[in-house]
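[1] with the sequence up front, the predicted model follows.
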Amino acid sequence: MSKSNIRFILVRHPLGRIALHLGCLGRGGQARFHWQGIERALRECLATAFGTVRRNPIGRGTGRALALGAALAAMGVVGAAAEPDAVLNEFFRNYLEADFRLSPMRATRLGDHRFDQLLDDVSAVARQRRTELSRRTLEELPQRVEYSRLSRAGQVDYEILRDNLKLDLWLEETERPYENDPRVYTSLATECAYALFTQSTLPKETNISNAVARIKLVPAMLAAARENLRHPPRVRTERAIQQNAGAIAFYEREILEMIGDSPQRGAVQAVAKTAAAALRQHQVFLEKELLPQSTGDWRIGQERFARKLEMVLDAGVTADQVLAEAEAAFPQVRRDMQLVARQLWAHYFPRQPLPPDDEAGRRETIQRVIQEIGRDHGTPEELTRDARATVARLKQFIAERDILKLPDPDHCQVIEMPEFQRGNSVAFLNSAPPLDATAASIYAVSPPPKDWDAARVESFLSEYNSRMLQVLTLHEAYPGHYVQLDYANRQPSVLRRVLGSGVFEEGWANYCEQMLLDQGYGDGDLALRMMQLKFYLRSVANAILDHKLHCTAMTDEEALRFLTQDAFQSEGEARLKIIRAKLGSCQLSTYFVGRGAFMRLRQQVQREMGDQFNLGRFHEAVLEEASVPVKFLPELVRLKLKINR
């Protein structure tokens, strides 16, 4: 029985007061954990059914889940019809409850604000408890949940949970991030407060109180970090040094700007001063102690890369298959770029002959046209304003062409990226947490950092020119990440909302780049099409770079030449991409693999449905499944569209 049916029964049942807390939890049926209300309603419902119920001191975890199960049983909905999907849902929620107690920041990120005053214990003992929880949950899953009796949707959820637990354990055991990545701690030091101020739906003063309590724990967290860190790769320590400097600035200036007027301003100022001092101490440690001993190898090697990529992507493809497909796609995209560049040449160079039609001439044609397109850009101060204007145009186009139903109400805010978050990417989307889906989603656009010289700023603005900013906004916001994740947050399955697939998310955003232009966005602007192709070529190059840097002896010089000469990236952008590839592995492959999955599915479904195919309804059918691993999409979408094969 689906959760929607359970909610319907609850509403109609004489004990349906529980529906006030289960059936009205949010637009689209989001299951948010209003446990106090649920517990109070349970006592009232059970008292009505069986007489007075003594209040037991049940905990917020298993006890509450058992109380919920008892109430459902009393209402006649737990039994053959609700089992065993309901068992899986209860099992997962109990796991989340235990996990949140061990990882308060995970709870905050996901939108459960009961632990916002706490900070993760990063000691070895605490980390071992988290590992043991994952291992125990993985062992108990087949014992507690009968896979064969689940609905097909329940089986998909089961596999998602099982594979995520396996991946978590593998990453902890093989990569040991708390020992080998100092960025974990510098990010935690600022995010612990920043997330409360930007995405919590609790009252402002409550968020400030929680932030004050949390910030007090930052010095102890940093002290534990210094005990944990061993011999990380040098590139990670260098990036942590940059981030830590930004964290100091956050606590010295930016946090007070964020809270504005508040009766707790003095308390924030006091704890921020202490946190900044602790971060300055940590900065000395990073520069003087950890950097000299940062001798770890960032390259994970072919065997580990192959295993990790299969687990992270969970797309039914191998590392060698991804590389082969990317290397086959690369010249095809270059050919498309050459065709567009030939049509634009006379516009930009009316008195100059087209370069010769050989390899060097084709490269020159594309490169010079890209350079000319790059000259059309705004100032650093105008980037965020231009992004907001692009959002308005995109939303109008999507609605007029029925690309899909846009979120209503719209919770996306376009902001200028805070200084301490700059330097990693030009833009990002922090979506509303899946357990607090009414919170804001933040589309942050980054001007160049203030300490860059004029030449570096011009290179940055040329790379993210007016056309490329449109492609980027399309990718990050409309109809890309923001729209997709808003749909995901309406999925009835809490498990799917919490354990989303990055391949799905990046694949959808990359698919949208071409799809929207194919449907007419930009009115045939060839310069815009060139930037879309350049952006896609970047995704293809990402997959190739990801594999070759980690599985071969590819040098920085070879990587730089590949990105600048073959993939047409600016030198500054290319150098940042090489650093990013060294900082982690396999994530750079998600864009290409995910896009390919969406393109193939669209082609297959459109052929199967013929004249009955409706693009908007296809997109909605895809997004309504939430961010599932893409290997499940063909089956689930066909079921939703009722396609008989």
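    Perfect, I can see it now.

[2] how about the closest residue to residue 386 other than its chain neighbours, secondary structure?
    Closest residue to residue 386 in three dimensions, ignoring its sequence neighbours and counting by Cβ to Cβ, 6 or more residues apart in numbering: residue 378, at 5.3 Å. From N, CA and C alone the C-beta is placed, and that goes for glycine too. Secondary structure assignment for residue 378 (DSSP: H, G, I helix; E, B strand; the rest coil): coil.

[3] same question, residue 428
    Bear in mind the rule, three-state DSSP; under it residue 428 is strand.

[4] for the closest residue to it other than its chain neighbours, phi and psi?
    Leaving out its chain neighbours, the residue that sits closest to residue 428 by Cβ to Cβ, 6+ apart is residue 444, at 5.6 Å. Main-chain torsions, residue 444, degrees, to the nearest 10: phi -100, psi 130.

[5] CA atoms of the helix or strand harbouring residue 168 as PDB?
    Remark: residue 168 resides in helix 152-174, with elements defined by DSSP states H and E. What follows is helix 152-174 as a C-alpha-only set of coordinates in PDB (Å, rounded to 0.1, in the frame of the first residue of the first chain):
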ATOM      1  CA  ARG A 152       8.500  -2.700  -6.900                       C
ATOM      2  CA  ALA A 153       8.900   0.900  -5.700                       C
ATOM      3  CA  GLY A 154       9.800  -0.500  -2.200                       C
ATOM      4  CA  GLN A 155      12.400  -2.800  -3.800                       C
ATOM      5  CA  VAL A 156      14.000   0.200  -5.500                       C
ATOM      6  CA  ASP A 157      14.100   2.000  -2.100                       C
ATOM      7  CA  TYR A 158      15.600  -1.100  -0.500                       C
ATOM      8  CA  GLU A 159      18.400  -1.300  -3.100                       C
ATOM      9  CA  ILE A 160      19.100   2.400  -2.700                       C
ATOM     10  CA  LEU A 161      19.500   2.100   1.100                       C
ATOM     11  CA  ARG A 162      21.600  -1.100   0.800                       C
ATOM     12  CA  ASP A 163      23.900   0.400  -1.800                       C
ATOM     13  CA  ASN A 164      24.300   3.700   0.000                       C
ATOM     14  CA  LEU A 165      25.300   1.900   3.200                       C
ATOM     15  CA  LYS A 166      27.800  -0.200   1.300                       C
ATOM     16  CA  LEU A 167      29.300   3.000  -0.300                       C
ATOM     17  CA  ASP A 168      29.500   4.800   3.100                       C
ATOM     18  CA  LEU A 169      31.400   1.900   4.600                       C
ATOM     19  CA  TRP A 170      33.700   1.600   1.700                       C
ATOM     20  CA  LEU A 171      34.600   5.300   1.600                       C
ATOM     21  CA  GLU A 172      35.300   5.300   5.400                       C
ATOM     22  CA  GLU A 173      37.500   2.300   5.200                       C
ATOM     23  CA  THR A 174      39.400   3.100   2.000                       C
END
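
[6] which strands or helices does the following helix or strand past it pack on?
    Sequence order places helix 177-180 as the next helix or strand after helix 152-174, per DSSP H and E. Contact partners of helix 177-180 among helices and strands, from 3 or more Cβ pairs under 8 Å, 6 or more residues apart in numbering; DSSP states H and E: none.

[7] just the buried positions in the following helix or strand past helix 177-180, please.
    Next in sequence after helix 177-180, counting helices and strands by DSSP H and E, comes helix 183-199. The neighbour-count check on helix 183-199 (16 or more other Cβ atoms under 10 Å) flags 183-196, 198-199 as buried.

[8] how much space separates residue 397 from residue 485?
    Relative to residue 485, residue 397 is positioned 20 Å away (Cβ to Cβ, to the nearest Å).

[9] again, but for residue 381
    Residue 381 is 29 Å from residue 485, by Cβ to Cβ.

[10] who's more crowded, these two?
    Neighbours were counted for residue 381 and for residue 485 using other Cβ atoms under 10 Å; residue 485 has more, 25 against 9.

[11] helix, strand, or coil at that one?
    Three-state call for residue 485 (three-state DSSP): helix.

[12] so for the residue lying closest to it once chain neighbours are set aside, what's the pLDDT?
    Closest residue in space to residue 485, ignoring its immediate chain neighbours: residue 431 at 3.8 Å, by Cβ to Cβ, 6+ apart. If you check residue 431, the pLDDT there is 91.

[13] and the chain, what are its domains?
    Domain ranges of the chain: 1-82, 178-290, 360-641, per automatic domain parsing.

[14] adding distance to residue 144, write those out as JSON lines.
    Listed next are those as JSON lines, based on distance: least, Cβ to Cβ, whole Å:
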{"stretch": "domain 1-82", "distance to residue 144": "12"}
{"stretch": "domain 178-290", "distance to residue 144": "29"}
{"stretch": "domain 360-641", "distance to residue 144": "14"}
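
[15] weakest of those by average pLDDT?
    Among these, domain 1-82 scores lowest, with a mean of 37.

[16] in the stretch 201-350 of the chain, which spans are helices?
    Assigned by DSSP state H, counting those that start in this stretch, the helices in the stretch 201-350 of the chain fall at 204-215, 218-228, 234-249, 255-259, 265-284, 302-313, 319-348.

[17] ok, residue 519 touching residue 401?
    Yes. Residue 519 lies in contact with residue 401 (Cβ atoms under 8 Å); the separation is 5.6 Å.

[18] picking up where we left off before, closest to residue 114 out of the domains of the chain?
    Residue 114 lies closest to domain 1-82 among the domains of the chain, at 7.6 Å (Cβ to Cβ).

[19] doesn't residue 592 lie inside a strand?
    No. Assessed with three-state DSSP, residue 592 is helix; it does not lie in a strand.

[20] and for it, the neighbour number?
    There are 27 residues near residue 592, going by other Cβ under 10 Å.

[21] what sits against it?
    Neighbouring residues of residue 592 by Cβ atoms under 8 Å, 6 or more residues apart in numbering: 322, 325-326, 329, 510, 539-540, 542-543.

[22] and if you look at residue 503?
    Listed by Cβ under 8 Å, 6+ apart, the contact set of residue 503 reads 313-315, 590, 593-594, 597, 629-630.

[23] quick check, nearest of the contacts of residue 592 to residue 618?
    Of all the contacts of residue 592, residue 618 sits closest to residue 510, with 16.8 Å by Cβ to Cβ.

[24] wouldn't that closest one be in contact with residue 539 here?
    Yes. If you go by Cβ under 8 Å, residue 510 and residue 539 touch, sitting 5.6 Å apart.

[25] phi, psi for the residue nearest to residue 160 when sequence neighbours are not counted please.
    Closest residue to residue 160 apart from its sequence neighbours, by Cβ to Cβ, 6+ apart: residue 499 at 5.3 Å. Backbone torsions of residue 499, given as degrees, to the nearest 10, read phi -110, psi 60.

[26] identify the residues contacting the residue nearest to the spatial centre of the chain.
    By Cα atoms, centre = their mean, the chain has its centre lying nearest to residue 502, at 6.4 Å. Shown in contact with residue 502 (Cβ under 8 Å, 6+ apart): 312, 587, 590, 594, 627.

[27] please repeat the previous calculation with a cut-off of 10 Å.
    Residues in contact with residue 502 (Cβ atoms under 10 Å, 6 or more residues apart in numbering) are 312-314, 586-587, 590-591, 594, 627, 629.

[28] turn those into JSON lines, including neighbour count.
    Listed next are these as JSON lines, based on neighbours: other Cβ atoms under 10 Å:
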{"residue": "312", "neighbour count": "20"}
{"residue": "313", "neighbour count": "26"}
{"residue": "314", "neighbour count": "22"}
{"residue": "586", "neighbour count": "26"}
{"residue": "587", "neighbour count": "18"}
{"residue": "590", "neighbour count": "26"}
{"residue": "591", "neighbour count": "26"}
{"residue": "594", "neighbour count": "25"}
{"residue": "627", "neighbour count": "25"}
{"residue": "629", "neighbour count": "22"}
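
[29] tell me which of those residues is nearest to residue 347?
    Nearest to residue 347, judged by Cβ to Cβ, of the contacts of residue 502 is residue 591 at 30.0 Å.
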